[in-house]
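Q: Need the 3D shape of this:
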Amino acid sequence: MPPDAVFVELQRRGAGSETALFNLLNIALGSGVLGFPAVYAQAGWLCATAFIVAFALIGAFSNTIMIRSASWYRVVSFHSVVREAFGPRAGNAAAVAMVVYSFGGCAAFLVIIGDFLSPACMHACAAMGWHSVLAGGIDTCSRKFLIL
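A: Numbering: from 1, shown residues only. Below is the predicted model:
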């Protein structure tokens with residue numbers, strides 16, 4: 001089944017544009033919100049605000065191009081637009097890029113979770129009087145163990 005037919009079938013079952021928009025915003029805002037305070041602290045409010053407005057305009061322009069291209073080629077996914085505009089090799093390259101991007105996001109969230117859970121695990125073990133080091137010398141509260 002072609003990707004566009006899958007999208008239409010999912011839309012028929014109830015996974016519509018609202019669900020896709022929610023998932024997209026969840027992915028885009030998840031890691032971006034975590035970095036905002038550091039950006040403002042390092043760049044200053046004027047410079048950071050100028051960059052945010054500039055990148056918002058670039059994003060809006062890029063999305064407009066994507067929407068117009070999708071209408072022109074009568075497709076409904078990013079992968080399909082790239083495939084129709086630049087051929088199957090470019091479509092496959094876009095698919096690989098999306099997988100790598102998703103993997104990078106997952107890895108970043110694992111690092112954040114590991115950084116948060118390691119001290120929390122140590123405090124919880126200390127409060128309950130448990131030892132976090134197993135017989136084999138593995139520290140179950142270590143950052144590396146929790147990320148793994």
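Q: Would you mind pulling the contact partners of stretch 63-71?
A: Outside stretch 63-71, the residues that touch it by Cβ atoms under 8 Å, 6 or more residues apart in numbering are 76, 77, 78, 80, 81, 85. To be clear about C-beta, it is placed using only N, CA and C from the backbone, and glycine gets the same treatment.
Q: Using JSON lines, lay out these together with neighbour count, pLDDT and secondary structure.
A: Compiled in JSON lines, those are given as follows (neighbours: other Cβ atoms under 10 Å; pLDDT from 0 to 100; DSSP: H, G, I helix; E, B strand; the rest coil):
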{"residue": "76", "neighbour count": "19", "pLDDT": "82", "secondary structure": "coil"}
{"residue": "77", "neighbour count": "15", "pLDDT": "81", "secondary structure": "coil"}
{"residue": "78", "neighbour count": "15", "pLDDT": "81", "secondary structure": "helix"}
{"residue": "80", "neighbour count": "20", "pLDDT": "86", "secondary structure": "helix"}
{"residue": "81", "neighbour count": "22", "pLDDT": "89", "secondary structure": "helix"}
{"residue": "85", "neighbour count": "13", "pLDDT": "90", "secondary structure": "helix"}
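Q: Could you provide the residues you listed in TSV, with additional columns for distance to residue 44?
A: Converted to TSV, the contacts of stretch 63-71 look like this (distance: Cβ to Cβ, whole Å):
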residue	distance to residue 44
76	41
77	39
78	34
80	42
81	38
85	40
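Q: just curious, which of the residues you listed is nearest to residue 145?
A: residue 78 (36.8 Å; Cβ to Cβ).
Q: Who are the contact partners of that closest one?
A: 66, 94, 98.
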